[in-house]
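Participant: I would like the atomic coordinates for the input below:
(chains A and B)
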Amino acid sequence: MRRRPGIGGLQTAAAARDQYRLLGENVAKLKMDLMKEQLATFRSQLEDFARKHKNDIRKNPAFRSQFHEMCAKVGVDPLASNKGFWAELLGIGDFYYELGVQIVDICLATRPHNGGLINLEELCRLLNQRRKSAREAVTEDDCLRAISKLKVLGNGFEVISVGKRKLVRSVPTELNKDHNEILELAQANGFVTVEEVARRLSWSSGRATDALETLLDEGLAMIDDGHRDGKRRYWFPCVSSISSFVGNETL
Amino acid sequence: MQKLGDFKLPNFFNYPPYFTLQPVKDTREKQIQLWKELILDYCRTQKIFIVEPENFPLFTNSGIERSLSHEAREVFLSALVSEGRAEWMDKGHRKCLVLWHRIQDWADLVLRFVKDNGLEDSVMTVEEIRSGIESRGTELYGIDRTVLMRALKLLEHKGKLAIFKGTSADDEGVKFSI
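Facilitator: Just a heads-up that it's a prediction; the model follows:
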C-alpha cells in the first residue's frame, strides 16, 4: 500500500530543501568571493602592468597592438569607456578619440579627390604626416581600432577589403560585387578600360560600362581620354597613392 | 618632382585624368579649383601676365604625354575670369590677361612703393615705375604696362595721383600727391 504524504513528511521535505538552499547559497557565496578576489587580483595585476608599461603602450605601436590583443583575450576593452582607470592611467581612450577625429578630417579633406574612398595605407600615412608633432607613431592597426570606434556615430565609416588592400569608406555609397571587382582590377595600374574589365572579368561590355559609369558618378573614378590609343581610361584615386598626386595642400 | 623651368609643379600635374575635363560635377569643381590655383601660382612666380591658351607650356605635360583639350583650357581660364582673376583680351579668347594680384592690390603695391621711396610729391614716368632703379626687386618690376595703367587710373580716380601725357605713349608721366 502506498503511503500517503502526511504533514510530518511535508515538513521534513521542506526543512531539507531549506538546508540544501542554505548550503547552496554558501557554496555560491564562497565561489563568488573567490572569483571576486581573483578578479581583483587580476585587475590590480593588469593595472600594475599597464602602469609599468604605460610609456611603451603609448609610444610603441607594436606593443600597443599586443596589449590590445591581450586585453581582448581576457575580455577587457580599454576603449569601451573614457571613464575609469584605463582613461586615467593611459589616456588611451583619448588617444583613439583623437585619432578618430583626425581620420574624419582627412577623409573629408580628401573626399573631393577620391570620392570618399581611401586606401588604409594612404590614410595611415597622411595621419602620421599630420601628427608629426605628436610623439607616437600610428599603425594601420590603430587606424582600424579608431575607425571601429567611429561606428557609434552611425554607419558613416566602414573598412572594406578589396583584393589585398583595405579601403576606408566615408560616404554611404553601396559598393556591389561588380564595383569591388573593378577596384581590385584597378589596383594593378591605377586605371582600367571598359575593354580590359570586360575581358578580364568575362563581362559584357555593357555591364562593364554600367559599373564604371556608376563609379564615375559616385566620384570614385576619373576619366582620362588623353592616351594616344584613344581608349578612355578610368582612374581610381582611392587605389593610387593620392598624396603623391594631389599634395597635402588640401590638408 | 617634375619642374617647368624653376617652377615646382604640384602632384596632380602628373595624374593623367586631370588633363581630361571631368564630366561629374563635384570632381570637375575640384579639378577646376586645382588648375586655377596652379595657373595663378605659375604666372605669379614666372611673372607672366598674358596667357595664350593654345600656346601655354603649363597646359602640357610631356612626361605623361597629356595635354589639355581646347575646351579644358577655355574652361579653366574662364573660371579665373569669372572670379575677377583674369580677363579675356579679345573676343576670340586667344589671349588672356592673368591678374594674380587684382587691380586694387596692384594699386596698393604702387602706393606702398611710393611711400617706401619717399616719392609722395614726385613725378615719375610710367616706364620708370616698371623698370626704374627704385622698383628693382619689388613686385612692380617688369609689371605689364596694361595692368600698371589700370592700377594708376584707379589711383587717379581716387585723387592719389595725376596722369599726364607726354609727346608719345612711351613717356606718360605720373604726378603723385598722396
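
Participant: State the pLDDT value of the residue of chain B found nearest chain A.
Facilitator: Residue nearest to chain A within chain B (C-beta to the nearest C-beta): B:P17, separated by 3.5 Å. Backbone N, C-alpha and C define where each C-beta goes, glycine included. As summarised for this prediction, B:P17 has a pLDDT of 94.

Participant: Next, the contact list for it, please.
Facilitator: A:M222, A:I223, A:D224, A:R233, A:W235 (C-beta atoms under 8 Å, 6 or more residues apart in numbering or on different chains).

Participant: out of those, who has the most neighbours?
Facilitator: Neighbour counts for these, by other C-beta atoms under 10 Å in any protein chain shown, peak at A:M222, which reaches 28 neighbours.

Participant: Identify the residues contacting that residue.
Facilitator: A:L216, A:Y234, A:W235, A:F236, A:P237, B:P17, B:Y18, B:T20, B:Q22, B:T27.

Participant: what do you get for B:A86?
Facilitator: By C-beta under 8 Å, 6+ apart, B:A86 lies in contact with B:V51, B:L77, B:L80, B:C96, B:L97, B:V98, B:L99.

Participant: Name the SS class of the fifth one, please.
Facilitator: Put plainly, it is B:L97. strand (DSSP: H, G, I helix; E, B strand; the rest coil).

Participant: That one and B:M149 touch, don't they?
Facilitator: No. The pair B:L97 / B:M149 is not scored as a contact, 12.0 Å apart, by C-beta atoms under 8 Å.

Participant: Compare these two (neighbour count), which wins?
Facilitator: Between B:L97 and B:M149, counted using other C-beta under 10 Å, B:L97 has the larger neighbour count: 18 against 15.

Participant: tell me the secondary structure for the closest residue in space to that one that isn't next to it in sequence?
Facilitator: Once flanking residues are discounted, B:L97 sits nearest to B:E87: 4.7 Å by C-beta to C-beta, 6 or more residues apart in numbering or on different chains. Secondary structure, three-state DSSP: B:E87 is strand.

Participant: give me the number of residues near B:E87?
Facilitator: As a burial measure, B:E87 scores 17 neighbours (other C-beta under 10 Å).

Participant: residue boundaries of the strands in chain A?
Facilitator: A:117-119, A:158-162, A:165-169, A:191-192, A:222-224, A:233-235 (DSSP state E).

Participant: just for chain B, where's the confidence low?
Facilitator: In the predicted model of chain B, residues B:1-3, B:167-170 satisfy pLDDT under 70.

Participant: near chain A, which residues of it?
Facilitator: Residues of chain B lying near chain A by C-beta under 8 Å from any C-beta of the partner chain: B:10-12, B:14-20, B:22-24, B:26-27, B:29-30, B:34, B:37, B:65-67.
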